[in-house]
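Undergrad: below are the sequence and a predicted model for it; my questions follow.
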Amino acid sequence: MPRNQGTSRKGKPSKSQKAAGMGRSLQKSQKERYKPKSNGSSAHGQGMQATGAPSLNVESATAQMELTTKNKSVLEMGDLNDFILRADMAQKEFDVEREGMLVLDEVGREYKPNGGPAVLLDGDAENLFGSSNQSDFHFQELSVPRRPAWDEDTTPEELHSSENESFLEWRRGIAHYEESLLSQTDSMGNNSMTTATTATPFEKNLNVWRQLWRVLERSDVLIQIVDARNPLFYYSRDLHRYACDELGKPMMVILNKSDFLSVKQREVWSAALKKMDVDHVFFSAVAEQTKLDAREEDAPHHHTAATDNGILTPLTRSQLLTHLQSYAASHNLTPNPRYDGRIQYGMVGFPNVGKSSVINVLMGASKHTHDTARVGVAAQPGKTKHFAT
């Protein structure tokens with residue numbers, strides 16, 4: 001910038017310019033300057049519109065970017081951001097006075113759980129701290145937030161509001177339970193504040209849970225995919241309860257990456273899962289993908305049933321497809337006319353258990369096929385964050 005426009009001799013902005021936020025103004029102007037228009041027009045009558053070329057549909061690309069950001073997983077956030085987010089979801093009015101947050105609520109009261117879905121599945125605080133030694137603490141699984149009931153008469157605005165309130169109630173239940181642990185004293189009279197027990201990081205973005213709700217509601221059969229190296233760490237009992245007991249839909253478990261286990265280990269895990277009454281099979285998406293890429297996979301019309309659930313050898317792609325069809329038939333499920341006469345299978349599970357890899361293998365996607373849609377696969381967790389069909 002020339003010196004006669006207010007800069008100092010060293011080329012730095014003056015104090016008045018700093019106060020006016022000149023840097024932000026420049027950034028904003030540059031952003032607006034190079035922002036493309038949806039119709040390809042330009043300020044000088046040139047560009048794509050002048051040549052008659054079709055639009056690049058920039059607005060759709062921007063909307064897709066906003067959707068990706070909207071579905072971004074949020075496990076941790078600052079207290080202030082968390083407070084503002086929850087206040088916005090609850091439609092609360094708030095103001096700032098002298099750097100202090102003041103909540104304007106017509107009905108201010110102490111929070112008490114309303115009897116909704118339990119935060120913990122097994123036992124309560126009394127059972128967790130039955131002795132003075134906190135090493136006796138057992139891991140407890142957080143429940144899955146439930147979607148509130150709705151029907152064809154429910155408006156989108158009403159459903160959105162009830163989902164926000166249900167999710168906030170779930171968040172409040174977790175916070176209330178943590179506070180009860182902090183205020184609890186052991187049998188020796190020592191307050192547990194010095195060694196507080198809190199919830200591990202969990203998903204705080206409601207839009208991510210909405211994706212799960214959509215999969216659960218649209219699917220005829222639900223497949224929970226877990227890592228075979230530690231199945232119980234990735235297996236959600238409450239999700240199984242939600243799908244089977246509350247939604248009335250069958251759920252089976254695929255133990256992916258089973259090629260890392262020995263036959264003896266698969267036998268032990270199979271016996272443990274049978275004791276829990278969990279339908280399961282052993283599979284390896286990577287091994288089957290290697291076969292597909294090498295064109296060694298069996299012909300798709302010659303599917304063979306497995307003699308077991310993959311204990312001796314993990315199921316092949318064709319055996320898994322046959323097993324899925326048999327599993328649906330055993331629960332009296334028929335093709336759904338709503339989905340072009342097909343049975344909908346929903347794949348759910350924690351990040352990095354191989355959901356996308358299993359889907360690609362079942363769809364027969366390989367480096368030799370170019371007419372099959374392929375789900376993105378990456379080493380980092382959460383590559384596929386949204387509902388995919």
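TA: Sure, I can see it.

Undergrad: show me where pLDDT drops low in the chain?
TA: Low-confidence segments of the chain (pLDDT under 70): 1-69, 93-139, 184-197, 296-307, 368-389.

Undergrad: so where do the strands sit in it?
TA: For the chain, the strands defined by DSSP state E occupy 93-97, 100-104, 221-227, 251-256, 280-282, 345-348.

Undergrad: which outside residues touch the third one?
TA: Strand 221-227 has contacts (Cβ atoms under 8 Å, 6 or more residues apart in numbering) with 215-216, 233-236, 239-240, 243, 249-257, 324, 327-328, 331, 333, 343-350, 352-355, 358. No exception for glycine: its C-beta is placed from N, CA and C like everyone else's.

Undergrad: buried among those? Make that a ChimeraX selection.
TA: Buried subset of the contacts of strand 221-227, written as a ChimeraX selection, criterion 16 or more other Cβ atoms under 10 Å:
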select :215,216,234,235,236,239,240,243,249,250,251,252,253,254,255,256,257,324,327,328,333,343,344,345,346,347,348,349,350,353,354,355,358
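
Undergrad: am I right that Lys249 is in contact with Glu217?
TA: No. In this structure, Lys249 is not within contact of Glu217 by Cβ atoms under 8 Å, at 9.1 Å.

Undergrad: mind listing which of the contacts of strand 221-227 are in helices?
TA: If you go by DSSP state H, those have 215-216, 233-234, 239-240, 324, 327-328, 355, 358 in helices.

Undergrad: next, format those as a markdown table and append distance to Arg147.
TA: As requested, those are exported to a markdown table (distance: Cβ to Cβ, whole Å):
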| residue | distance to Arg147 |
| --- | --- |
| Val215 | 11 |
| Leu216 | 8 |
| Phe233 | 26 |
| Tyr234 | 22 |
| Leu239 | 13 |
| His240 | 16 |
| Leu324 | 26 |
| Tyr327 | 25 |
| Ala328 | 24 |
| Lys355 | 21 |
| Val358 | 25 |
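
Undergrad: looking at the residues you listed, which two lie furthest apart in space?
TA: Among the ones in helices among the contacts of strand 221-227, the pair separated by the greatest distance (Cβ to Cβ) is Phe233 and Ala328, at 27.8 Å.

Undergrad: tell me how far Arg229 lies from Met251.
TA: From Arg229 across to Met251, the span is 21 Å (Cβ to Cβ, to the nearest Å).

Undergrad: do Cys244 as well
TA: 6 Å.

Undergrad: ok, now Ala243?
TA: From Ala243 across to Met251, the span is 5 Å (Cβ to Cβ).

Undergrad: where exactly do the helices run in this protein?
TA: Using DSSP H, the helices of the chain run over 15-19, 22-33, 48-51, 58-70, 79-89, 125-128, 156-182, 206-218, 231-234, 237-241, 263-275, 285-293, 317-330, 355-362.

Undergrad: which one, of these, ends up nearest to Tyr339?
TA: With respect to Tyr339, and counting by Cβ to Cβ, the nearest of those is helix 206-218 at 8.4 Å.

Undergrad: got the buried residues for the closest one?
TA: When burial is assessed from 16+ other Cβ under 10 Å, helix 206-218 yields the following buried residues: 206-213, 215-216.

Undergrad: show me what it is packed against.
TA: Counting contacts by 3 or more Cβ pairs under 8 Å, 6 or more residues apart in numbering; DSSP states H and E, helix 206-218 is packed against helix 156-182, strand 345-348.

Undergrad: surely Lys204 is in contact with Met77?
TA: Yes. Counting by Cβ under 8 Å, Lys204 touches Met77, with 6.5 Å between them.

Undergrad: and these two? Which one has more around it.
TA: Legend: neighbour count by other Cβ atoms under 10 Å for Lys204 and Met77, higher for Lys204 (18 against 13).

Undergrad: quick check: closest non-adjacent residue to that one.
TA: Using Cβ to Cβ, 6 or more residues apart in numbering and skipping residues adjacent in sequence, the residue nearest Lys204 is Val74, 4.7 Å away.

Undergrad: any idea how far the one you found is from Asp82?
TA: 9 Å.

Undergrad: list the residues that contact both of these two?
TA: Taking Cβ under 8 Å, 6+ apart as the contact rule, the neighbours common to Val74 and Asp82 are Lys204.

Undergrad: what's the local residue count around Gln91?
TA: 9.

Undergrad: against Leu168, how distant is it?
TA: Taking Cβ to Cβ, one finds Gln91 at 10 Å from Leu168.

Undergrad: kindly report the same for Ala329.
TA: Separation of Ala329 from Leu168 (Cβ to Cβ): 41 Å.

Undergrad: the more surrounded of those two?
TA: Neighbour totals were compared for Ala329 and Leu168, and Leu168 leads with 17 against 11 (other Cβ under 10 Å).

Undergrad: buried deepest among the helices and strands packed on helix 206-218, which one?
TA: Neighbour counts (mean count of other Cβ atoms under 10 Å) averaged over each of the helices and strands packed on helix 206-218 peak at strand 345-348, with a mean of 19.

Undergrad: contact partners of that strand?
TA: For strand 345-348, the external contacting residues (Cβ under 8 Å, 6+ apart) are 212, 215-216, 218-225, 239, 324, 355, 358-359.

Undergrad: and which of the residues you listed is nearest to Ala271?
TA: Here the nearest of these to Ala271, counting by Cβ to Cβ, is Gln224; it sits at 18.8 Å.
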